[in-house]
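>>> Give me a 3D structure for the following:
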Amino acid sequence: MVDRIYDLYNVLNDKNGTNNSSEALEAYQNLLVAMKQGASEKKLALQFVGKFCKNFPGEMTKTVEAAFDLCEDEDINVGERINLREKKTISRFRFANKRLKNFQHLFVHRLIHLHELLAYLLNYFKPMIQVK
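Okay, here's the model as predicted:
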């Protein structure tokens, strides 16, 4: 399986800059699946996912979930093998996810108020608008 992960890396590295191809997307998705395999596959796939995740914003939710699953992995050796840089990356994923949820909540809240304001203004100006 490790050889397969290196093959996926080569596909992504060759398609660097054109990662919108279906081949590159499939390779990235297979890397995410590899993060659920054995200990060596998890560590290797995490390194490659960290390098290419910025090129696949549509897969960010799956990427964050895979990183969380790795943090909660029962295999103690996996946690020991993840170096400090990878742990910081996972922490940034968690922080970004929390910030995104807060932003979404605020956005929806403001959107509701904007909708109410527009409805009020429409009712206020309705008598002044002449429909022909």
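>>> give the contact list for the most centrally placed residue in the chain.
For the chain, the residue nearest the mean C-alpha position is Met60 (1.5 Å; C-alpha atoms, centre = their mean). Taking C-beta atoms under 8 Å, 6 or more residues apart in numbering, we find Met60 in contact with Cys53. Bear in mind the C-beta positions are built from the backbone N, C-alpha and C, glycine included.
>>> separation between Tyr120 and Val108?
From Tyr120 across to Val108, the span is 19 Å (C-beta to C-beta, to the nearest Å).
>>> number of nearby residues for Lys98?
Residues contacting Lys98 under the criterion other C-beta atoms under 10 Å number 10.
>>> so how far is the helix or strand hosting it off the chain centroid?
In this assignment (DSSP states H and E), Lys98 forms part of helix 84-125. Distance of helix 84-125 from its chain centroid, counting by C-alpha atoms, centre = their mean, to the nearest Å, is 16 Å.
>>> packing partners for that helix?
helix 39-52, helix 60-71 (3 or more C-beta pairs under 8 Å, 6 or more residues apart in numbering; DSSP states H and E).
>>> for the longest one, which positions count as buried?
Right, helix 39-52. Residues of helix 39-52 classed as buried: 41-50, 52 (neighbour count, 16 or more other C-beta atoms under 10 Å).
>>> which secondary structure elements does that helix contact?
Partner elements for helix 39-52 (3+ C-beta pairs under 8 Å, 6+ apart): helix 2-14, helix 22-34, helix 60-71, helix 76-81, helix 84-125.
>>> averaging pLDDT over each of those, which comes out lowest?
When the helices and strands packed on helix 39-52 are compared by mean pLDDT, helix 76-81 comes last with a mean of 54.
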